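Peer 1: this one's structure only:
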Ligand SMILES: Nc1nc2c(ncn2[C@@H]2O[C@H](COP(=O)(O)OP(=O)(O)OP(=O)(O)O)[C@@H](O)[C@H]2O)c(=O)[nH]1
Ligand SMILES: [Mg+2]
């Protein structure tokens, strides 16, 4: 059901619809989602496969409501998990009005991008409108950006697609983020607002909490470990016996890894790493919820969960 019958102040048409941001891992999809929405709805990190769900971010203006769906990076499946993530990405393409294809300016347009755009081209007549977004424009010179934009343009003929727009932008400096919103909204059909004003996401609180914990963990590990980490939030409850004006929320969560041998890395010398993860995650969760939080973090091994259908189901994939 539509939430309200907005009318733009100038009497024009209110537009609404769904836009999916797609791209290879690390292309800057989640960071751009947050910049467009104006708040943190998706975690971002320098590690690939940071996003593992289709996360909705909502941008409401007087003239439009744009529902952004940030998806995982599409990449060659090396695990059952990545296969599931790729299926999720392709499934999302069928539900949106526009796909924003993120092509980072600091990387050459490569086989990964061509594979992705080829897959979109294969949607045929069911293909949504396409916008190419040259992300991370702050990382390159004007000349290099110009060459990147030419390569993106050339993809049209090579891949059999057609860009409604090509827009360079930087989610970190904010350059051209408003233009990206304008261009995406311009491609949406007339329609009502689906979410209340001011709502930035419809992700459940527990999912946001789990993601913030995973983000804190990703920052502090490297090599193959980021892929192995999942987080479950086991319980969230107000601490008993606290005065009403000084509540404390207790969060019990588990950092899930795949092998016993990963445990010592996750925990760190004398527990230093897990302690740091806890401290970082706690302040992020407190900022999100606006109440002080006590975070109880455990490490749990679920053997080879990335390739185990039963374990994947248990972890929500
Ligand atoms: N300099 C710069 N860095 C950026 C920009 N956008 C994203 N980044 C960085 O690029 C890295 C990846 O960003 P994400 O937003 O997590 O990328 P993603 O495409 O969502 O990645 P996956 O979810 O793993 O597919 C992070 O370290 C970001 O800080 C940008 O506009 N400029
Ligand atoms: Mg992401």
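Peer 2: Done, it's in. Given the structure is predicted, the values throughout are model-derived calculations rather than measurements. Ligands and ions are numbered 1, 2, ... in the order given.
Peer 1: can you list the domains in the chain?
Peer 2: Domain ranges of the chain: 15-186, 205-314, per automatic domain parsing.
Peer 1: Which one of the ones you listed lies nearest to ligand 1?
Peer 2: domain 15-186 (2.8 Å; Cβ to the nearest ligand atom). From N, CA and C alone the C-beta is placed, and that goes for glycine too.
Peer 1: Please identify the most buried of the domains of the chain.
Peer 2: domain 15-186 (a mean of 19; mean count of other Cβ atoms under 10 Å).
Peer 1: Could you point out which residue ranges in the stretch 1-150 of the chain have low pLDDT?
Peer 2: 1-10 (pLDDT under 70).
Peer 1: Get me the contact residues on it for ligand 1.
Peer 2: Those residues of the stretch 1-150 of the chain that sit near ligand 1, judged by Cβ under 6 Å from any ligand atom, are 23, 25-31, 44-46, 48-51, 72-73, 135-136, 138-139.
Peer 1: Let me see the contact set for whichever residue of the stretch 101-250 of the chain sits closest to ligand 2.
Peer 2: Residue of the stretch 101-250 of the chain nearest ligand 2, by Cβ to the ion: residue 102 (9.6 Å). By Cβ atoms under 8 Å, 6 or more residues apart in numbering, residue 102 lies in contact with 21-23, 27-29, 32, 133, 135.
Peer 1: Including distance to residue 199, could the domains of the chain go into TSV?
Peer 2: Shown next, in TSV, are the domains of the chain (distance: least, Cβ to Cβ, whole Å):
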stretch	distance to residue 199
domain 15-186	6
domain 205-314	13
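Peer 1: so what's residue 135 closest to, chain neighbours aside?
Peer 2: Nearest residue to residue 135 in three dimensions, chain neighbours excluded: residue 28, at 3.8 Å (Cβ to Cβ, 6 or more residues apart in numbering).
Peer 1: need the strands for the stretch 151-300 of the chain, in chain order.
Peer 2: Remark: strands assigned in the stretch 151-300 of the chain by DSSP state E, counting those that start in this stretch are 165-168, 230-238, 249-257, 293-301.
Peer 1: distance of residue 77 from residue 261?
Peer 2: To residue 261, residue 77 is 24 Å away according to Cβ to Cβ, to the nearest Å.
Peer 1: And residue 30, by the same measure?
Peer 2: From residue 30 across to residue 261, the span is 30 Å (Cβ to Cβ).
Peer 1: now swap in residue 185 and tell me
Peer 2: Here the criterion is Cβ to Cβ. By it, residue 185 lies 49 Å from residue 261.
Peer 1: just the helices in the stretch 1-150 of the chain please.
Peer 2: Assigned by DSSP state H, counting those that start in this stretch, the helices in the stretch 1-150 of the chain fall at 29-37, 80-93, 111-121, 142-159.
Peer 1: ok, and what's touching the longest one?
Peer 2: Applying Cβ under 8 Å, 6+ apart, the contact partners of helix 142-159 are 103, 105, 108-109, 113-114, 117-118, 121, 132, 134, 137, 140, 161-163, 166, 168.
Peer 1: ok, now which ones touch the nearest residue to residue 46 once chain neighbours are set aside?
Peer 2: Nearest residue to residue 46 in three dimensions, chain neighbours excluded: residue 26, at 7.2 Å (Cβ to Cβ, 6+ apart). Neighbour list for residue 26: 46-48, 50, 73, 104 [criterion: Cβ under 8 Å, 6+ apart].
Peer 1: returning to that earlier point: beta-bridge partners for the residue of the stretch 101-250 of the chain closest to ligand 2, please?
Peer 2: residue 133 (DSSP bridges).
Peer 1: So it versus residue 16, what's the distance?
Peer 2: Going from residue 102 to residue 16 by Cβ to Cβ gives 22 Å.
Peer 1: what do you get for residue 189?
Peer 2: Per Cβ to Cβ, residue 189 is found 8 Å from residue 16.
Peer 1: For the stretch 51-200 of the chain, what lies in contact range of ligand 2?
Peer 2: Where the stretch 51-200 of the chain comes near ligand 2, counting by Cβ under 5 Å from the ion, the residues are residue 51.
Peer 1: so who does the residue of the stretch 51-200 of the chain found nearest ligand 2 touch?
Peer 2: Across the stretch 51-200 of the chain, the shortest distance to ligand 2 (Cβ to the ion) belongs to residue 51, at 3.1 Å. Contacts for residue 51 were tallied using Cβ under 8 Å, 6+ apart; they are 29-30, 42-43, 70-73.
Peer 1: Figure out how far stretch 28-48 is from the centre of its chain.
Peer 2: Centroid separation between stretch 28-48 and its chain, computed with Cα atoms, centre = their mean, to the nearest Å, is 6 Å.
Peer 1: What of stretch 305-317?
Peer 2: With Cα atoms, centre = their mean as the basis, stretch 305-317 stands 20 Å off its chain's centre.
Peer 1: This completes my enquiry, with thanks.
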